[in-house]
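In: Any chance you can model this:
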Amino acid sequence: MSKLAYIFPGQGSQFPGMAQDLYPAHQDLMESANAILGFRLTDIMFGDSAEALKATRVTQPAIFLHSIVLAKSQDRKPDMVAGHSLGEFSALVAAGALDFEDGLRLVQLRAQAMQRCCEKAPGAMAAIINLPDPVIEEVCAAIPGVVPANFNSPGQVVISGEEAAVDQACVLLKEAGAKRALKLPVSGAFHSPLMEPAREELAQAIDATAFRAPFCPIYQNVTALPTSDPVLIKENLLRQLTSPVRWTQTVLNMLSDGASEFVELGPGTVLTGLLKRIQQQ
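Out: Okay, here's the model as predicted:
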């Protein structure tokens, strides 16, 4: 039997004017988000400034809101869900494990905590193109301060950590045969041990938030495995901040479990592009 999978993007997929066309049909939800956040997020989303959208405290709630509005517009329930990094919160709300309001508050707290991490301990990230995952893992293991952060698709892995360590890894990975080692325009080392203060900050809030069993399995970033256990969902959601996003394996597991149709819900089509590359491997 064919199965429908919803997938939700993370930071980096935002664009000026995002979700503006959805406002008339979802005004109540969007205005509710503005009230919860304490600032008019929709004004920034609908504006023409890419720079204003780039601030982590804005980007994460904006992508989350866009994703949830699109999820609420669907007329079919998914058989499974997954989200890339921040997108995991969207997936949890779409699958009924988390209320929209609680999800938005957690996303806001996560964004603020990550922003503070970036300011206190600036880091770097780089995309490594066309090199096998095990080679990247081996090189990173030999350099203190850098780790694989996102296994996005075969031939596309992002590394993360202290700037000098990332620079050193880029040189060695190019020597090892990487087609490109491209530094990303971010101010922090997401999904690395440098995010530990943010993880500790978020732990208390996640612990105090009510999670329910979702109506369909969620494939989580940390394990790439399906789960419906609220206790395990909380643990994995927290570990995600300092652990790699195993997106390639997540999609492969969803395909193996019968996913035949994937719908990306959020700004852009980044995950749809990754999906095509994963399916071609």
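
In: Now do the buried residues in stretch 184-200.
Out: Across stretch 184-200, burial judged by 16 or more other CB atoms under 10 Å covers 186-195, 197-199. From N, CA and C alone the C-beta is placed, and that goes for glycine too.

In: Filter these down to just the ones in helices.
Out: Counted as lying in helices by DSSP state H, out of the buried residues of stretch 184-200, are P197, A198, R199.

In: Where do the strands of the stretch 1-150 of the chain begin and end?
Out: Using DSSP state E, counting those that start in this stretch, the strands of the stretch 1-150 of the chain run over residues 3-8, 80-83, 124-129, 146-153.

In: between these, which one is nearest to E175?
Out: For E175, the closest of these is strand 124-129, at 12.2 Å, according to CB to CB.

In: residues making contact with the closest one?
Out: Here strand 124-129 makes contact (CB atoms under 8 Å, 6 or more residues apart in numbering) with 136, 149, 155-163, 166-167, 169-170, 173, 178-184, 186, 188-190.

In: Give me the buried entries from those residues.
Out: Buried among these (16+ other CB under 10 Å): 136, 149, 155-163, 166, 169-170, 173, 178, 181, 186, 188-190.

In: Show me those that map onto strands.
Out: Cross-referencing the buried ones among the contacts of strand 124-129 against strands under DSSP state E gives A149, Q156, V157, V158, I159, S160, G161, A181.

In: Which pair in the residues you listed has the greatest spatial separation?
Out: The distance between the two most remote of those (CB to CB) is 17.9 Å, for Q156 and G161.

In: If you count neighbours, what's buried in the helix ranked longest in the chain?
Out: Criterion DSSP H: the longest helix present in the chain is helix 100-120. Neighbour-count burial for helix 100-120 flags 100, 102-118 (criterion: 16+ other CB under 10 Å).

In: before we move on, the earlier item: would you mind telling me which of the strands of the stretch 1-150 of the chain is nearest P217?
Out: Smallest distance to P217 across the strands of the stretch 1-150 of the chain (CB to CB): 5.2 Å, for strand 80-83.

In: I'd like the distance between the nearest residue to P16 once chain neighbours are set aside and F39.
Out: Using CB to CB, 6 or more residues apart in numbering and skipping residues adjacent in sequence, the residue nearest P16 is D48, 4.9 Å away. The spacing between D48 and F39, counted by CB to CB, to the nearest Å, is 18 Å.

In: Which parts of the protein belong to which domain?
Out: Per automatic domain parsing, the domain ranges recorded for the chain read 3-120+192-280, 124-183.

In: any chance of those domains in a markdown table, plus mean pLDDT?
Out: A markdown table is the format used below for the domains of the chain (pLDDT from 0 to 100):
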| stretch | mean pLDDT |
| --- | --- |
| domain 3-120+192-280 | 97 |
| domain 124-183 | 97 |
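
In: Pull the contacting residues for the spatially most central residue of the chain.
Out: Computing the C-alpha centroid of the chain and ranking residues by CA atoms, centre = their mean puts S85 first, at 2.0 Å. Applying CB under 8 Å, 6+ apart to S85 gives the contacts G10, Q11, N150, F190, H191, N221, Q240, V245.
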